Structure formats: C-alpha cells, structure tokens
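Participant: Fold the stuff below for me.
(2 chains)
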Amino acid sequence: MEHRVDALLKRALERLRDRGTLPPDLEVTGPVERPRREEFGDFGTALPLAMAKALRMPPARCAAMIQEVLDPPEGLFQEITFAPPGYLNFRVRPEAWWAALQEATTLPRVGGRERVLLEFVSANPTGPLHVGHGRGAVLGDALARLMRATDYAVETEYYVNDVGNQMAMLGLSLHARGREALGLSDGSDFPENGYRGQYIREIAARWVATPDGEAACRRPYEDLGPRDDNVATTVASRELLGWIRRTLEDARITFDHWFHERPLHRDGEVQRMLDLLLQNGRAFRDESGAILFRMEGTEDSEDRVLVRGNGMPTYFAADVAYHHHKFRRGFQRLINIWGADHHGYIPRVRASLEALGHDPDALQVLLVQMVTLTRGGVAVPMGKRSGEFVTLQDVLDEVGTDAVRFLFLLRRPDAQMEFDLDLARSQSLENPVYYVQYGHARVASIVRKAAAAGIAVPPWSPDLLQALALPEEAALTRDLVRWPDVVGSAARRCEPHHVAFYLLDLVKAFHGYYTRYRHTEKVLSADRQKTAARLYLVSRIRDVLHQGLSLLGVHAPDEMRLPEDDETP
RNA sequence: GGGGGAUUAGCUCAGUUGGAUAGAGCGUUGGUCUCCGGAACCAAAGGCCGUGGGUUCGAAUCCCGCAUCCCCCA
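Facilitator: Below is the predicted model of the structure:
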C-alpha cells in the first residue's frame, strides 16, 4: 500500500516535469510515511515542503499542484488533505484496505533474480563455535531466508580455512593429547600455543582407540609430516567440522556450499591470481623474493604480503583468490558477514578485487559486533586456546533454538550486545519469542474451534469484511497490509531485525484486540457475517505470523504447552 | 597515534533515504477477567535522544569538535 502511494506521487512529479511546471533537473523527494496521529490519515508526505523550497513557492500551492495531476485509481482514497505547514495526507478507503488483505503474504520481488553469494560463519575448524559465531550464523541464515523469499537467487557458503599455521598447530595438539592418552607423555611437552580445550582430548581418545590413530601417535610428530596436511590435522579438522555442522543444524542452519581453502592452492587458483597481479603490476616481488600487493592509491596505506620470502602464501593471498573465484562462479554480488574485529581487513580485499578487474562495490561486508557473554553479570572468557568458554551448542541446549535465534535477531547487527546466560534462561518463559508464538497458537486455536463447529475460514470476497467495524480491526488490517513492505525493505537493507520487531508489534495488537473483546465481540459469535469476517482477519494474522517466523527460522506452533504451575499448593 | 562501531526512559533496545506531540519490552505502581488458550490485557510514572557548535522552514537522524565504552591496526 505504501509503495502504491509512493508510485502515485512519483508519477505526479513526472507529469509536473512534463508540463514544465517543475524543472526537469530538479531533484525533489519526499518519502511516504505513516503519521503517528490518526487524524492525519493513513499516509502522509512532506513533499510539498520540499517542493516549496525548490520552487520558492508557498507549500499550499505546491500541494494544490500535486493534487491537480495526481491520478489515483478509483476507490483507493477516501480523502486527500493538505495540512500546514506543508503536508499532504491520504486516507485510504476501508474497502481498499480489505482488498489488500488478500496480498498480505504476497512478498515483493525486490531481488530481481540477482545472483548473490552469502558467506557467513566460516570459523576455522580449530574448535567448537562460540556464541559470537552464533550471532553471525543466525543473521546470515535469516538473511538468506529473507532474500530467497523476495526473489534473490542467493546461495549460502561456509569457507573452511584448512591451510596454515593454525591447522598445523591443531594437528600437533591432537598428536600430543593422543600420546598422553597412550601414556607416552605426561603433558608437560604440550605445545605452548596449542589448543588446550577439552574437546581435543576427547577427539584424541577416540582416535587412539583406532589402529591407525594409535599407530600415528606412537610415531614422532615429524614422521607424520609436520605441515598442515598430515593425518593428525586431517582427523582433527574433520571431527571439528562435523561438530560445527551438527551445531549449526541444531540452530536450523544449513549451507549450500562448504568451500575449502586447500583446493584453491592445489588447483592453482592462488597461483593464477598471483600471476595476474604480477602481470598487471598491482603486485611485485621484493628483494627477499616475497610477493606484495601494491596498496598505493587505495585507502589502505601499506603494501600487503601475499607470499612470504619462504614461498608460503598468506591468508590474504588465499582470500583474494577465493573472492576472485566467487566472481568467476558468476555471482553478481557478494555478501560477507564478518565479526567486527575484521574491520581493518575490508579495504585490502576490496582493493585486491578492484585490481583483478571486479567492481569492489559488489562486495558487501556486514559487520557483526561482538557478543560479550556474561553469567550473572560476570564476564565469561571466550578464547579457544584457553579452552574455557561457553559454546554455541551449550547455549542452544540451555536456552533453545527458537529463543536463541529470536534473541539474536532482535538486535541491530552493528550494535554490541551482551548475552547473559542466566538471564536468557531465567527469562525463557517471558522471552519475546514465546509471546509471538503464543499469538500464533492462539489464532490456530480459534480456527480449530471454529472448524469443530463446522465453520471454515471463508475465502475472500468483496463484501466479506464489511462487518469489520471495530477500530482495532481496522488497525490490524493496516498492520497486516504493511507486512510485504516490511519484508521487502528488510531484505534490501540486509536487516532481518525489522521482521522480528514487526512480529512483536503485530502480535501485541492482536493480543490487545483479543483480550479487549473476549466477552463482548468474540471472533466466533452467533452473528454469521461478523464471524466470517473476523475468522478471515485472524487467519490472515496467523498466516503472516507463520510466514514471518519461518523467515526468521523460528517455529510457529499451532499448540503450545502451558508452563507448569510452580505454585503448587 | 590511525581507523571503525556505540552513546535514546532505572535496565535491555527500536526509530525505514531529515518531518507533525519520541517508541517498545523488562522493572515499578495501580487496575481488568465466571476464558474463542492468563505465557493475556489496560493505565500511570519515567527522556536536554552523551556534550558543544554548524547546516535549514524543520535534526535522535546530516557535518565538525569533545567526552566515555568496545574492537582492529601501528
């Protein structure tokens, strides 16, 4: 509805330009908004104010000019009024609102089949996922659902860094724990920068119970090949990746692709990228034999090492090759969800993409701010090497997937958040997600009750909703009709949290309506026309809640078990 | 020292390209109900939108300085 008003205004401006009343090069914009005060109508715009400024004419005259060329379809508006100092307010006819209810779950196709690669989580397989990963994971997954629903051709991807020093250290750690498990070591020779988490011991215990694993641990580490591709590293990363995958599945997150770094090196992808950059002069070899990316002329100041003097490519080199490869797979836009601590990395990657002939603006990095974890107000440390942290799996088990997802999505991604485990658990019965789910279950219950009485939800018809006369019913209708615009805007802006907030607003309005009239004007009554109209209305509420929750990856139950009464006599 | 983010009610947070009298949840206080599901609802109190300037008809929103917190880099 909102975009219809907006389109009408845009067309009116076009007409004014055609007539020469408005200079063609003059940019005049005025967004359509919803006035807070009911008396101002359903929609309003400050367009006359903007025009008055540009044309140096009184706003009232500008408003009159707009009205003159405005050509609204028959039956859409009840009235269009001018309000000082320069607003144009629109009131939509109830019939138009009711008609729009049919499209309440028809989402706008704002994506236009754009091919998007959405990469998120991508945590190194050196330990379990922690809560911070969870935030990015839930954001990415919800965004993917949103974009798919609005006609983006989006694919999701997890990038696995399975090459490098960290991986070598992981293998070394596993080997050391394996030797401890076999009684060959007392742990005093455990590598200084090794991964000390309990999970390494568990994997080691399972590994040495196999003949291959035991044999490998009985040999010195050097015999395995002290690099990042030996059997210990392979076993550890495979185990951890499986663990990560299961945790993500618990959070209802799956990926279209798991893209490994190793093939980029093995198949020459990194080398080809280096050759390209050396050829076009954006990279050079220094006196030590290292290859550096030339940063002059970019926002980043310092030349960045791609290949070290000893011939080892850096993480940066692999990342450049990886993103180059993404474009070559045919994606038009790349969205990466990164932790805020990677902020300084962005200019480098963008510059490298530009150097390889890609549009750097086609890479969009969404930064997710840190999650600080507390328990009863006390900070919980979150370092993998310290081995002492709360995993995403723990939190999912403790709080539940629906609640965790909704809690994460109830915040803007670029604001830091504190996640208090005690609070999350103690509030689990008052968690906003249950409030929304309860609303859905409530409507489902009404519909069930109607069905039991032999009354089905009626199909829409032009005079079906005439019986909706209560102000709350009009307000609910307007809220429902707003939904497609909310989804479209959230998808375009990559901000799923708007969906969560909308659902809270809608369900609050419903609970209020329900409670207020539970004794006087129930949905199901002896009045057949009111019953039919209200049944249709609440079924639309249920449909929108269901669609909204599923876009967030949260269940929409038809029934909820009431919590057990703690105050047993 | 350089860069990024944050600062809105007691607490946790929304606020859609600058618009009309600033929004919710929790908490507090006081109310509603012999029910289509009380995990509900209504009402009240609570704000110099960190601070100082600037831009204009108009600023929580845009620009600059400052303060505080978090993160990255050196």
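
Participant: Confidence-wise, which helix or strand of chain A is lowest on average?
Facilitator: strand A:378-379 (a mean of 68; mean pLDDT, DSSP states H and E).

Participant: So the helix or strand just after that strand, near RNA strand B or not?
Facilitator: Per DSSP states H and E, the first helix or strand lying C-terminal to strand A:378-379 is helix A:392-399. No: on the criterion C-beta under 7 Å from any atom of the strand, helix A:392-399 is out of touch with RNA strand B, staying 12.8 Å away. Backbone N, C-alpha and C define where each C-beta goes, glycine included.

Participant: likewise stretch A:158-172?
Facilitator: No: taking C-beta under 7 Å from any atom of the strand as the criterion, stretch A:158-172 and RNA strand B are apart, separated by no less than 14.1 Å.

Participant: what's that stretch in contact with?
Facilitator: A:119-122, A:124-126, A:191, A:193-195, A:221, A:224, A:226-234, A:236-237, A:240-241, A:255, A:257-262, A:265, A:315, A:318, A:322 (C-beta atoms under 8 Å, 6 or more residues apart in numbering).

Participant: Just these: which are in strands?
Facilitator: A:Glu119, A:His257, A:Trp258, A:Phe259, A:His260 (DSSP state E).

Participant: give me phi/psi at A:Thr374?
Facilitator: Backbone torsions of A:Thr374, given as degrees, to the nearest 10, read phi -130, psi 160.

Participant: Could you count how many residues lie near the spatially closest residue to it that is not a sequence neighbour?
Facilitator: Excluding its sequence neighbours, the residue lying closest to A:Thr374 (C-beta to C-beta, 6 or more residues apart in numbering) is A:Asp420, at 4.8 Å. The number of residues packed near A:Asp420 is 17, by other C-beta atoms under 10 Å.

Participant: any idea of the pLDDT on A:Asp420?
Facilitator: Note for A:Asp420: predicted pLDDT of 77.

Participant: swap in A:Thr298?
Facilitator: Reported pLDDT for A:Thr298: 59.

Participant: for A:Glu202, same thing?
Facilitator: 95.

Participant: what's the helix or strand for it?
Facilitator: According to DSSP H and E, A:Glu202 maps onto helix A:198-208.

Participant: which residues make contact with that helix from outside it?
Facilitator: A:127-128, A:173-174, A:177-178, A:180-182, A:194, A:213-214, A:216-217, A:235-236, A:239-240, A:243, A:387.

Participant: Please repeat the previous calculation with a cut-off of 10 Å.
Facilitator: A:126-128, A:170, A:173-182, A:184, A:187, A:190, A:194, A:197, A:213-218, A:231-232, A:235-236, A:238-240, A:243, A:384, A:387-388, A:391 (C-beta atoms under 10 Å, 6 or more residues apart in numbering).

Participant: distance between that helix and the chain's centre?
Facilitator: Chain-centre distance of helix A:198-208: 35 Å, with C-alpha atoms, centre = their mean, to the nearest Å.

Participant: same deal with stretch A:87-97?
Facilitator: Relative to its parent chain, stretch A:87-97 has a centroid offset of 33 Å by C-alpha atoms, centre = their mean.

Participant: The residue nearest to A:Thr374 against A:Val395, yeah?
Facilitator: No: the criterion here is C-beta atoms under 10 Å, and A:Asp420 misses it with A:Val395 at 11.1 Å.

Participant: Common neighbours of the two, please.
Facilitator: Contact with both A:Asp420 and A:Val395 is made by residues A:Leu373, according to C-beta under 10 Å, 6+ apart.

Participant: List only those of the contacts of helix A:198-208 flagged as buried.
Facilitator: A:126-128, A:170, A:173-181, A:190, A:194, A:197, A:213, A:216-217, A:231-232, A:235-236, A:239-240, A:243, A:384, A:387, A:391 (16 or more other C-beta atoms under 10 Å).

Participant: Out of those, which sit inside helices?
Facilitator: A:170, A:173-181, A:213, A:216-217, A:231-232, A:235-236, A:239-240, A:243 (DSSP state H).

Participant: Derive a PyMOL selection command for the buried subset of the contacts of stretch A:158-172.
Facilitator: The PyMOL selection below is limited to those of the contacts of stretch A:158-172 classed as buried (16+ other C-beta under 10 Å):
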select buried, chain A and resi 119+120+121+122+124+125+126+194+195+221+224+228+229+230+231+232+233+234+236+237+240+241+255+259+260+261+265+318+322
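
Participant: Can you report phi and psi for A:Gln364?
Facilitator: According to degrees, to the nearest 10, A:Gln364 has phi -120, psi 120.

Participant: Now it: closest residue in space that isn't a chain neighbour?
Facilitator: Closest residue to A:Gln364 apart from its sequence neighbours, by C-beta to C-beta, 6+ apart: A:Ile335 at 4.9 Å.

Participant: what's the spacing between A:Met169 and A:Val395?
Facilitator: Going from A:Met169 to A:Val395 by C-beta to C-beta, to the nearest Å gives 26 Å.

Participant: Check A:Lys530 too.
Facilitator: Distance of A:Lys530 to A:Val395, computed by C-beta to C-beta: 46 Å.

Participant: quick one, which of those two is more surrounded?
Facilitator: The residue with more neighbours, out of A:Lys530 and A:Val395, is A:Val395; 25 against 20, by other C-beta under 10 Å.

Participant: That one contacts A:Gly134, correct?
Facilitator: Yes: judged on C-beta under 10 Å, A:Val395 makes contact with A:Gly134 at a distance of 6.8 Å.

Participant: State the pLDDT value of A:Gly400.
Facilitator: 89.

Participant: residue contacts, the residue of the stretch 101-250 of chain A found nearest RNA strand B?
Facilitator: Across the stretch 101-250 of chain A, no residue is closer to RNA strand B than A:Gly132, which sits at 10.6 Å (C-beta to the nearest atom of the strand). Counting by C-beta under 10 Å, 6+ apart, A:Gly132 makes contact with A:123, A:339-341, A:368-373, A:382, A:389, A:392, A:417, A:419.

Participant: Quick check: which of these has the minimum pLDDT.
Facilitator: A:Met382 (59).

Participant: so who does the closest residue to A:Ala318 other than its chain neighbours touch?
Facilitator: Leaving aside its sequence neighbours, A:Ala318 sits nearest to A:Glu261 (C-beta to C-beta, 6+ apart; 5.3 Å). Counting by C-beta under 10 Å, 6+ apart, A:Glu261 touches A:124, A:159-164, A:167, A:269-270, A:315, A:318-319, A:321-322.

Participant: So among those residues, where is pLDDT lowest?
Facilitator: A:Gly164 (87).

Participant: what's the neighbour count on it?
Facilitator: 18.

Participant: confidence score at A:Gly75?
Facilitator: 88.

Participant: Equivalent analysis for A:Leu562, please.
Facilitator: Per-residue confidence (pLDDT) for A:Leu562: 64.
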